[in-house]
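*Asks:* Quick one, structure for this:
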Amino acid sequence: MSHKNETLSLFLAVVITIGLIFGGLWFFMERWAQLSGTVTKPSETGNTNNPINQFVNKCNVANLPEGTFNYGGSTTWAPIRKEADSILQNLCPRFVLRYSQPPSGEPGSGTGIRMLIDNQLAFSQSSRSVKAEENTEAKQKGFSLKEIPVAIDGIAIAVNRNLNIPGLTVAQLKNIYTGKITNWQEVGGPNLPITVYSRSKEAGGTAEFFVENVLNKENFGANVSYIDTTTEAVRKVAASPGGIYYASAPEVVPQCTIKSIPLGRISGQFVPPYQEPFIPPSECPTKRNQLNSQAFRSGDYAITRNLFVIVKQNGQTDQQAGEAYANWLLTPQGQELIEKAGFVRLK
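*Replies:* Okay, the predicted model is just below:
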(Lines give C-alpha, C1' and ligand atoms only; values in the text may rest on other atoms or scores of the structure.)
Protein backbone atom coordinates (compact mmCIF):
# COMPACT_ATOMS: atom_id res chain seq x y z
CA MET A 1 0.00 0.00 0.00
CA SER A 2 2.88 2.31 0.87
CA HIS A 3 4.56 1.52 -2.46
CA LYS A 4 1.37 2.42 -4.38
CA ASN A 5 1.10 5.78 -2.54
CA GLU A 6 4.67 6.63 -3.41
CA THR A 7 4.06 5.81 -7.08
CA LEU A 8 0.89 7.92 -7.15
CA SER A 9 2.65 10.85 -5.50
CA LEU A 10 5.52 10.65 -7.97
CA PHE A 11 3.10 10.51 -10.90
CA LEU A 12 1.18 13.55 -9.66
CA ALA A 13 4.42 15.50 -9.12
CA VAL A 14 5.52 14.75 -12.70
CA VAL A 15 2.13 15.79 -14.13
CA ILE A 16 2.12 19.03 -12.13
CA THR A 17 5.72 19.82 -13.15
CA ILE A 18 4.95 19.24 -16.85
CA GLY A 19 1.82 21.39 -16.53
CA LEU A 20 3.78 24.22 -14.98
CA ILE A 21 6.44 24.04 -17.69
CA PHE A 22 3.92 24.10 -20.56
CA GLY A 23 1.86 26.79 -18.83
CA GLY A 24 4.95 28.94 -18.44
CA LEU A 25 5.95 28.43 -22.07
CA TRP A 26 2.45 29.35 -23.24
CA PHE A 27 2.47 32.54 -21.14
CA PHE A 28 5.86 33.69 -22.42
CA MET A 29 4.94 32.92 -26.04
CA GLU A 30 1.72 34.94 -25.73
CA ARG A 31 3.58 37.81 -24.09
CA TRP A 32 6.26 37.81 -26.80
CA ALA A 33 3.58 37.89 -29.49
CA GLN A 34 1.95 40.89 -27.81
CA LEU A 35 5.22 42.79 -27.51
CA SER A 36 6.22 42.08 -31.10
CA GLY A 37 2.88 43.40 -32.35
CA THR A 38 1.69 40.13 -33.96
CA VAL A 39 -1.39 39.73 -31.76
CA THR A 40 -4.14 42.01 -32.97
CA LYS A 41 -7.22 40.11 -31.87
CA PRO A 42 -9.37 42.31 -29.62
CA SER A 43 -10.64 41.10 -26.30
CA GLU A 44 -14.07 39.46 -26.18
CA THR A 45 -15.49 42.51 -24.44
CA GLY A 46 -14.13 44.84 -27.14
CA ASN A 47 -12.38 46.93 -24.48
CA THR A 48 -10.00 49.15 -26.47
CA ASN A 49 -8.84 50.80 -23.26
CA ASN A 50 -6.90 47.71 -22.31
CA PRO A 51 -3.22 48.78 -22.18
CA ILE A 52 -2.14 45.71 -24.16
CA ASN A 53 -4.67 46.45 -26.92
CA GLN A 54 -3.47 50.06 -27.09
CA PHE A 55 0.16 48.91 -27.38
CA VAL A 56 -0.57 46.36 -30.10
CA ASN A 57 -2.85 48.51 -32.27
CA LYS A 58 -1.35 51.96 -31.75
CA CYS A 59 0.85 52.32 -34.88
CA ASN A 60 -1.65 52.60 -37.71
CA VAL A 61 0.15 55.20 -39.83
CA ALA A 62 -0.15 54.23 -43.48
CA ASN A 63 3.04 53.47 -45.43
CA LEU A 64 5.30 54.40 -42.53
CA PRO A 65 8.76 52.89 -43.07
CA GLU A 66 10.96 51.51 -40.32
CA GLY A 67 14.33 53.00 -39.49
CA THR A 68 15.98 56.21 -38.31
CA PHE A 69 15.31 59.36 -40.32
CA ASN A 70 17.06 62.71 -39.97
CA TYR A 71 14.85 65.75 -40.26
CA GLY A 72 15.04 69.45 -39.36
CA GLY A 73 14.50 72.98 -40.60
CA SER A 74 12.18 75.74 -39.42
CA THR A 75 12.39 77.00 -35.84
CA THR A 76 8.70 77.94 -36.19
CA TRP A 77 8.02 74.20 -36.12
CA ALA A 78 9.50 73.76 -32.63
CA PRO A 79 6.09 73.55 -30.85
CA ILE A 80 4.92 70.92 -33.35
CA ARG A 81 8.09 68.89 -32.81
CA LYS A 82 7.36 69.02 -29.09
CA GLU A 83 3.64 68.25 -29.17
CA ALA A 84 3.14 66.04 -32.23
CA ASP A 85 6.44 64.36 -33.06
CA SER A 86 6.84 62.95 -29.56
CA ILE A 87 3.39 61.34 -29.83
CA LEU A 88 4.26 59.79 -33.20
CA GLN A 89 7.46 58.36 -31.70
CA ASN A 90 5.46 56.73 -28.91
CA LEU A 91 2.88 55.38 -31.35
CA CYS A 92 5.43 54.03 -33.80
CA PRO A 93 8.72 53.29 -32.01
CA ARG A 94 10.19 51.63 -35.11
CA PHE A 95 9.94 54.95 -36.98
CA VAL A 96 12.71 56.97 -35.33
CA LEU A 97 12.96 60.73 -35.97
CA ARG A 98 16.29 62.40 -35.27
CA TYR A 99 16.38 66.20 -35.35
CA SER A 100 19.55 67.40 -37.08
CA GLN A 101 21.18 70.80 -36.64
CA PRO A 102 22.78 72.39 -39.71
CA PRO A 103 26.54 71.82 -40.02
CA SER A 104 26.99 75.61 -40.05
CA GLY A 105 24.76 78.61 -39.42
CA GLU A 106 21.45 78.83 -37.61
CA PRO A 107 18.58 76.35 -38.08
CA GLY A 108 15.72 77.56 -40.24
CA SER A 109 13.57 76.77 -43.27
CA GLY A 110 16.30 77.73 -45.72
CA THR A 111 19.05 75.74 -44.03
CA GLY A 112 16.68 72.78 -43.72
CA ILE A 113 15.96 72.80 -47.46
CA ARG A 114 19.68 73.22 -48.11
CA MET A 115 20.40 70.11 -46.02
CA LEU A 116 17.62 68.23 -47.82
CA ILE A 117 19.15 69.02 -51.22
CA ASP A 118 22.54 67.92 -49.88
CA ASN A 119 21.03 64.57 -48.77
CA GLN A 120 21.66 65.32 -45.09
CA LEU A 121 17.94 65.03 -44.23
CA ALA A 122 15.17 62.62 -45.17
CA PHE A 123 12.64 65.47 -45.18
CA SER A 124 12.46 69.00 -43.81
CA GLN A 125 9.99 71.31 -42.07
CA SER A 126 9.46 74.76 -43.55
CA SER A 127 7.54 77.97 -42.85
CA ARG A 128 7.82 79.06 -46.48
CA SER A 129 7.42 77.57 -49.93
CA VAL A 130 10.25 76.03 -51.88
CA LYS A 131 11.99 78.52 -54.16
CA ALA A 132 12.29 77.83 -57.88
CA GLU A 133 16.08 77.87 -57.70
CA GLU A 134 16.03 75.32 -54.86
CA ASN A 135 13.92 72.93 -56.90
CA THR A 136 16.20 73.45 -59.91
CA GLU A 137 19.22 72.53 -57.81
CA ALA A 138 17.45 69.45 -56.46
CA LYS A 139 16.60 68.30 -59.99
CA GLN A 140 20.27 68.57 -60.90
CA LYS A 141 20.86 65.94 -58.20
CA GLY A 142 18.20 63.62 -59.57
CA PHE A 143 15.06 64.45 -57.56
CA SER A 144 12.47 67.18 -57.11
CA LEU A 145 11.05 68.79 -53.97
CA LYS A 146 7.38 68.57 -53.03
CA GLU A 147 5.78 70.78 -50.38
CA ILE A 148 2.84 69.42 -48.40
CA PRO A 149 0.89 72.04 -46.38
CA VAL A 150 -0.15 70.80 -42.93
CA ALA A 151 -1.01 73.93 -40.88
CA ILE A 152 -1.82 77.65 -41.02
CA ASP A 153 0.26 80.25 -39.23
CA GLY A 154 0.01 84.01 -38.90
CA ILE A 155 2.78 86.59 -38.57
CA ALA A 156 2.19 88.66 -35.43
CA ILE A 157 3.76 92.04 -34.67
CA ALA A 158 5.25 92.44 -31.19
CA VAL A 159 5.67 95.82 -29.53
CA ASN A 160 6.47 97.07 -26.04
CA ARG A 161 3.60 96.42 -23.66
CA ASN A 162 3.30 100.15 -22.82
CA LEU A 163 3.13 101.39 -26.42
CA ASN A 164 -0.23 102.98 -27.21
CA ILE A 165 -1.10 102.36 -30.86
CA PRO A 166 -4.35 101.06 -32.41
CA GLY A 167 -2.61 98.97 -35.09
CA LEU A 168 -0.61 99.10 -38.30
CA THR A 169 -1.36 98.60 -41.97
CA VAL A 170 0.84 96.25 -43.97
CA ALA A 171 2.12 99.29 -45.90
CA GLN A 172 3.11 101.06 -42.68
CA LEU A 173 4.85 97.91 -41.47
CA LYS A 174 6.79 97.75 -44.73
CA ASN A 175 7.83 101.39 -44.39
CA ILE A 176 9.04 100.79 -40.83
CA TYR A 177 11.21 97.85 -41.89
CA THR A 178 12.62 99.60 -44.96
CA GLY A 179 13.54 102.68 -42.91
CA LYS A 180 10.99 105.10 -44.38
CA ILE A 181 9.11 105.47 -41.06
CA THR A 182 11.29 105.91 -37.97
CA ASN A 183 9.00 107.41 -35.31
CA TRP A 184 5.79 106.01 -33.84
CA GLN A 185 4.22 109.45 -34.17
CA GLU A 186 4.13 108.93 -37.96
CA VAL A 187 1.65 106.04 -37.57
CA GLY A 188 -0.63 107.42 -34.85
CA GLY A 189 1.51 106.61 -31.83
CA PRO A 190 3.54 108.67 -29.36
CA ASN A 191 6.57 110.78 -30.26
CA LEU A 192 9.02 107.91 -29.81
CA PRO A 193 11.78 106.53 -32.05
CA ILE A 194 11.06 103.06 -33.45
CA THR A 195 13.63 100.41 -32.54
CA VAL A 196 13.38 97.74 -35.23
CA TYR A 197 14.38 94.08 -34.72
CA SER A 198 14.48 91.13 -37.11
CA ARG A 199 16.24 87.86 -37.69
CA SER A 200 18.46 87.95 -40.77
CA LYS A 201 16.95 86.86 -44.06
CA GLU A 202 19.49 84.06 -44.28
CA ALA A 203 18.56 82.68 -40.87
CA GLY A 204 15.02 81.47 -41.30
CA GLY A 205 11.87 81.06 -43.35
CA THR A 206 9.91 83.66 -41.38
CA ALA A 207 12.34 86.44 -42.33
CA GLU A 208 12.40 85.23 -45.96
CA PHE A 209 8.59 85.14 -46.03
CA PHE A 210 8.46 88.65 -44.53
CA VAL A 211 10.82 90.06 -47.17
CA GLU A 212 8.94 88.36 -50.00
CA ASN A 213 5.37 89.14 -48.90
CA VAL A 214 5.54 92.26 -46.72
CA LEU A 215 8.56 94.14 -48.09
CA ASN A 216 7.78 93.00 -51.65
CA LYS A 217 11.40 91.85 -52.00
CA GLU A 218 12.88 95.19 -50.89
CA ASN A 219 15.86 95.07 -48.56
CA PHE A 220 15.68 95.73 -44.85
CA GLY A 221 16.54 99.32 -43.94
CA ALA A 222 19.73 100.38 -42.20
CA ASN A 223 17.62 100.96 -39.08
CA VAL A 224 17.07 97.21 -38.52
CA SER A 225 18.99 95.47 -35.73
CA TYR A 226 19.48 91.73 -36.26
CA ILE A 227 19.06 89.14 -33.53
CA ASP A 228 19.54 85.36 -33.52
CA THR A 229 16.35 84.12 -31.86
CA THR A 230 12.79 85.16 -31.11
CA THR A 231 13.48 84.65 -27.40
CA GLU A 232 16.22 87.28 -27.58
CA ALA A 233 13.99 89.60 -29.62
CA VAL A 234 11.15 89.40 -27.10
CA ARG A 235 13.55 90.41 -24.32
CA LYS A 236 14.81 93.36 -26.35
CA VAL A 237 11.31 94.59 -27.27
CA ALA A 238 10.24 94.30 -23.64
CA ALA A 239 13.20 96.51 -22.66
CA SER A 240 12.79 99.01 -25.54
CA PRO A 241 9.85 101.48 -25.27
CA GLY A 242 9.80 101.86 -29.07
CA GLY A 243 10.67 98.27 -29.96
CA ILE A 244 9.02 96.22 -32.72
CA TYR A 245 9.53 92.66 -33.96
CA TYR A 246 7.62 90.11 -36.06
CA ALA A 247 7.39 86.35 -35.62
CA SER A 248 5.13 83.35 -35.87
CA ALA A 249 1.92 84.19 -33.99
CA PRO A 250 2.17 81.35 -31.41
CA GLU A 251 5.57 82.76 -30.38
CA VAL A 252 4.16 86.27 -29.80
CA VAL A 253 0.44 86.31 -28.98
CA PRO A 254 0.56 84.47 -25.59
CA GLN A 255 3.59 86.41 -24.30
CA CYS A 256 3.37 88.34 -21.01
CA THR A 257 6.26 90.79 -21.37
CA ILE A 258 5.27 92.25 -24.75
CA LYS A 259 2.01 92.59 -26.67
CA SER A 260 0.85 91.91 -30.22
CA ILE A 261 -1.02 94.57 -32.20
CA PRO A 262 -3.79 94.42 -34.84
CA LEU A 263 -2.95 94.56 -38.55
CA GLY A 264 -4.95 95.76 -41.52
CA ARG A 265 -4.73 95.94 -45.27
CA ILE A 266 -6.16 99.48 -45.14
CA SER A 267 -6.15 102.09 -42.38
CA GLY A 268 -8.88 101.79 -39.78
CA GLN A 269 -9.78 98.19 -40.60
CA PHE A 270 -7.50 96.35 -38.21
CA VAL A 271 -7.85 92.67 -37.31
CA PRO A 272 -6.08 91.41 -34.16
CA PRO A 273 -4.00 88.22 -34.15
CA TYR A 274 -5.57 87.42 -30.75
CA GLN A 275 -9.12 86.59 -29.72
CA GLU A 276 -10.98 89.57 -28.34
CA PRO A 277 -11.30 90.92 -25.76
CA PHE A 278 -7.58 91.59 -25.42
CA ILE A 279 -6.07 90.32 -22.18
CA PRO A 280 -3.67 92.99 -20.85
CA PRO A 281 -0.16 91.94 -19.77
CA SER A 282 -1.10 92.77 -16.17
CA GLU A 283 -3.39 89.70 -16.11
CA CYS A 284 -0.73 87.40 -17.56
CA PRO A 285 0.22 84.60 -16.90
CA THR A 286 -3.04 83.81 -15.06
CA LYS A 287 -4.74 84.51 -18.38
CA ARG A 288 -3.10 84.55 -21.78
CA ASN A 289 -4.22 85.79 -25.17
CA GLN A 290 -5.27 83.07 -27.60
CA LEU A 291 -4.79 82.96 -31.37
CA ASN A 292 -7.50 84.43 -33.58
CA SER A 293 -7.77 81.14 -35.45
CA GLN A 294 -10.95 82.09 -37.29
CA ALA A 295 -9.34 85.22 -38.81
CA PHE A 296 -6.22 83.23 -39.78
CA ARG A 297 -8.29 80.52 -41.46
CA SER A 298 -10.61 82.94 -43.29
CA GLY A 299 -7.79 85.20 -44.44
CA ASP A 300 -9.25 88.26 -42.70
CA TYR A 301 -5.97 88.69 -40.86
CA ALA A 302 -3.50 90.44 -43.16
CA ILE A 303 -0.42 88.17 -42.95
CA THR A 304 -0.88 84.40 -42.92
CA ARG A 305 1.00 81.48 -44.43
CA ASN A 306 1.10 77.71 -44.54
CA LEU A 307 3.59 75.44 -42.81
CA PHE A 308 5.01 72.72 -45.06
CA VAL A 309 6.65 69.34 -44.92
CA ILE A 310 9.22 69.35 -47.73
CA VAL A 311 9.63 65.92 -49.31
CA LYS A 312 12.32 64.54 -51.59
CA GLN A 313 10.65 62.88 -54.59
CA ASN A 314 13.25 60.23 -55.22
CA GLY A 315 11.21 57.02 -54.99
CA GLN A 316 13.15 55.90 -51.93
CA THR A 317 12.40 55.49 -48.21
CA ASP A 318 13.16 59.19 -47.61
CA GLN A 319 10.16 60.10 -49.77
CA GLN A 320 8.05 57.43 -48.09
CA ALA A 321 9.00 58.75 -44.63
CA GLY A 322 8.25 62.39 -45.49
CA GLU A 323 4.92 61.65 -47.13
CA ALA A 324 3.77 59.33 -44.33
CA TYR A 325 4.78 61.92 -41.70
CA ALA A 326 2.91 64.71 -43.51
CA ASN A 327 -0.17 62.54 -44.07
CA TRP A 328 -0.23 61.64 -40.38
CA LEU A 329 -0.17 65.34 -39.46
CA LEU A 330 -3.23 65.77 -41.70
CA THR A 331 -5.21 63.10 -39.83
CA PRO A 332 -7.70 64.21 -37.15
CA GLN A 333 -5.19 63.23 -34.45
CA GLY A 334 -2.35 65.11 -36.17
CA GLN A 335 -4.46 68.22 -36.73
CA GLU A 336 -5.56 68.19 -33.10
CA LEU A 337 -1.91 68.10 -32.02
CA ILE A 338 -1.06 70.95 -34.42
CA GLU A 339 -3.82 72.98 -32.79
CA LYS A 340 -2.46 72.07 -29.37
CA ALA A 341 0.95 73.34 -30.52
CA GLY A 342 -0.63 76.76 -31.16
CA PHE A 343 -1.23 76.69 -34.90
CA VAL A 344 -4.40 76.64 -37.00
CA ARG A 345 -5.52 73.34 -38.43
CA LEU A 346 -6.01 72.94 -42.19
CA LYS A 347 -8.80 70.41 -41.73
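
*Asks:* ok, now how distant is the residue lying closest to M115 once chain neighbours are set aside from R345?
*Replies:* Leaving aside its chain neighbours, M115 sits nearest to L121 (4.7 Å; criterion: C-beta to C-beta, 6 or more residues apart in numbering). Yep, even glycine has a C-beta here, placed from its N, CA and C like the rest. Separation of L121 from R345 (C-beta to C-beta, to the nearest Å) stands at 25 Å.

*Asks:* ok, the two, which is more surrounded?
*Replies:* Taking neighbours as other C-beta atoms under 10 Å, L121 and R345 compare with L121 leading, 26 against 19.

*Asks:* Does the more buried one touch R98 like I think?
*Replies:* No - proximity of L121 to R98 does not meet the contact threshold set by C-beta atoms under 8 Å, at 9.7 Å.

*Asks:* who touches both of these two?
*Replies:* By the contact definition C-beta atoms under 8 Å, 6 or more residues apart in numbering, L121 and R98 are jointly contacted by N70, Y71.

*Asks:* how about the helices in the stretch 201-347 of the chain?
*Replies:* Secondary structure of the stretch 201-347 of the chain (DSSP state H, counting those that start in this stretch): helices located at 205-213, 230-239, 249-252, 293-298, 317-329, 332-340.

*Asks:* Mind putting these into CSV with mean pLDDT?
*Replies:* Listed next are those as CSV, based on pLDDT from 0 to 100:
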stretch, mean pLDDT
helix 205-213, 93
helix 230-239, 96
helix 249-252, 95
helix 293-298, 95
helix 317-329, 98
helix 332-340, 96
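
*Asks:* ends of stretch 267-287, how far apart?
*Replies:* Chord length of stretch 267-287, first to last residue, is 30 Å (C-alpha to C-alpha, to the nearest Å).

*Asks:* So which bits of that stretch are buried?
*Replies:* F270, V271, P272, P273, Y274, I279, P281, C284 (16 or more other C-beta atoms under 10 Å).

*Asks:* Rounded mean pLDDT for it, please.
*Replies:* Stretch 267-287 shows an average pLDDT of 94 in the prediction.

*Asks:* For D318, which non-adjacent residue is closest in space?
*Replies:* Using C-beta to C-beta, 6+ apart, the nearest residue to D318 is A122, at 4.2 Å.

*Asks:* again with E251
*Replies:* Residue nearest to E251 in three dimensions, not counting chain neighbours: T230, with 5.0 Å by C-beta to C-beta, 6+ apart.

*Asks:* do you know how far that neighbour is from P250?
*Replies:* Per C-beta to C-beta, T230 is found 10 Å from P250.

*Asks:* on that earlier part again, ok, how many other residues are close to the residue nearest to E251?
*Replies:* 23.

*Asks:* isn't it right next to A247, touching?
*Replies:* Yes - at 4.7 Å, T230 counts as touching A247 under the criterion of C-beta under 8 Å.

*Asks:* Point out where this protein drops to low pLDDT.
*Replies:* The chain contains residues with pLDDT under 70 at 1-57, 203.

*Asks:* thinking again about what came up before, what is the nearest of the buried residues of stretch 267-287 to P103?
*Replies:* Taking C-beta to C-beta as the measure, P103 lies nearest P273 of the buried residues of stretch 267-287, at 34.9 Å.

*Asks:* now the nearest residue to that closest one once chain neighbours are set aside: how far from R98?
*Replies:* Spatial nearest neighbour of P273, chain neighbours left out: A156 (4.3 Å); criterion: C-beta to C-beta, 6+ apart. With distances taken as C-beta to C-beta, A156 is found 31 Å from R98.

*Asks:* What of S109?
*Replies:* S109 is 19 Å from R98, by C-beta to C-beta.

*Asks:* which of those two has more neighbours?
*Replies:* Neighbours were counted for S109 and for R98 using other C-beta under 10 Å; S109 has more, 29 against 11.

*Asks:* Setting aside sequence neighbours, what's the nearest residue to that one?
*Replies:* The shortest distance from S109 to any non-neighbouring residue, by C-beta to C-beta, 6+ apart, is to G205 (2.6 Å).

*Asks:* OK, contacts around E83?
*Replies:* Residues near E83 by C-beta under 8 Å, 6+ apart: L337, I338, K340, A341.

*Asks:* Just give the nearest non-adjacent residue to it, would you?
*Replies:* Nearest to E83 is A341, by C-beta to C-beta, 6+ apart, at 4.1 Å.

*Asks:* okay, now the one you found: neighbour count?
*Replies:* A341 has 18 nearby residues by other C-beta under 10 Å.

*Asks:* circling back: now the helix or strand the residue nearest to P273 falls within and helix 205-213, what's the angle there?
*Replies:* Using DSSP states H and E, A156 sits within strand 144-160. Computed with axes from the mean of the first three to the mean of the last three C-alpha atoms, to 10 degrees, the direction of strand 144-160 lies at 90 degrees from that of helix 205-213.

*Asks:* Within its sheet, name the partner strands of strand 144-160 and how each one runs.
*Replies:* Sheet pairing of strand 144-160 (DSSP bridges) gives strand 243-248 (antiparallel), strand 258-261 (antiparallel), strand 304-313 (antiparallel), strand 344-345 (antiparallel).

*Asks:* Now tabulate these in TSV and tack on distance to W184.
*Replies:* Putting these into TSV (distance: least, C-beta to C-beta, whole Å) gives the following:
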stretch	distance to W184
strand 243-248	9
strand 258-261	11
strand 304-313	25
strand 344-345	30
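
*Asks:* Having no further points to raise, I will conclude here.
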